[in-house]
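Colleague: sequence first, then the predicted structure:
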Amino acid sequence: MGLEKHALVGLHNEVLHGLRVNYYPPCSTPEEVLGLSPHSDASTITLLMQDDDVSGLEIRHRGNWIWSNGKYKSIEHRAVTNKDKRRISQATFLYPRDDVEVEPFDHMIDAQNPKMYQKVRYGDYLRQSLKRKMEGKKHTDVAKIKEIEE
Ligand SMILES: O=C(O)CCC(=O)C(=O)O
Ligand SMILES: [Fe+2]
């Protein structure tokens, strides 16, 4: 990404961790019921631990990562349910401190790649994204510079 080693860690000010444990009970109609709606995480990095024997995570290639001005994608994903088996996953989210201001790096912006996102305070961005229902990449709209379409 054209950054010095450890630069990203420094930009977090302090790397915070959050944990979400997801429990998906068996579901008699898995073709009609999702475990988790399509979304992307508001964290900077997510580590997911899941059962070996039940799959459920599905991903979509779309969406953007604010710091990289959309060059690097944050993956939209969802969880499906399983007819016979329950599934448990643990997502560990790494994220910056609330007072960290996040905006695209200058070196990711040029004539072909105009600035897509305005500066946001990470705490505001995270809280408004937790308040919304999960809906793909919609939570990134709050930072998006409106004239620019993906
Ligand atoms: O359970 C899964 O596979 C996905 C969990 C997830 O995406 C999340 O907790 O944000
Ligand atoms: Fe997720």
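Modeller: Done, it's in. Ligands and ions are numbered 1, 2, ... in the order given.
Colleague: just give me the residue closest to the centre of this protein.
Modeller: Centroid-nearest residue in the chain, with CA atoms, centre = their mean: D41, separated by 2.2 Å.
Colleague: now name the helix or strand holding that residue.
Modeller: For D41, there is no helix or strand it lies in under DSSP states H and E.
Colleague: ok, the one 5 residues further on next?
Modeller: Here T46 is covered by strand 45-50, with elements defined by DSSP H and E.
Colleague: flag every buried residue along that strand.
Modeller: 46, 50 (16 or more other CB atoms under 10 Å). In short, each C-beta sits where N, CA and C put it, glycine included.
Colleague: from the rest of the structure, what touches that strand?
Modeller: Strand 45-50 is touched from outside by 56-57, 87-94, with contacts defined as CB atoms under 8 Å, 6 or more residues apart in numbering.
Colleague: could you list which of those residues also contact ligand 1?
Modeller: 56-57, 89, 91 (CB under 6 Å from any ligand atom).
Colleague: out of these, which sit inside strands?
Modeller: 57, 89, 91 (DSSP state E).
Colleague: any chance you could map the helices in the protein?
Modeller: 7-11, 122-131 (DSSP state H).
Colleague: show residues contacting the longest one.
Modeller: The reference is to helix 122-131. Contacts of helix 122-131 (CB under 8 Å, 6+ apart): 42, 95-102, 139, 142-143.
Colleague: surely Q90 touches V21?
Modeller: Yes. Q90 lies in contact with V21 (CB atoms under 8 Å); the separation is 5.2 Å.
Colleague: tell me which of the two has more neighbours.
Modeller: Q90 (12 against 9; other CB atoms under 10 Å).
Colleague: now for that one: which residues touch it?
Modeller: For Q90, the contact set (CB under 8 Å, 6+ apart) comprises 19-22, 48-50.
Colleague: out of those, which touch ligand 1?
Modeller: Contacts with ligand 1 within the contacts of Q90, counted by CB under 6 Å from any ligand atom: 20, 22, 48, 50.
Colleague: need those in TSV (columns: pLDDT).
Modeller: TSV is the format used below for the ones next to ligand 1 among the contacts of Q90 (pLDDT from 0 to 100):
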residue	pLDDT
R20	95
N22	95
L48	91
Q50	88
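Colleague: out of these, which is nearest to L3?
Modeller: Nearest to L3 among the ones next to ligand 1 among the contacts of Q90: L48, at 24.4 Å, using CB to CB.
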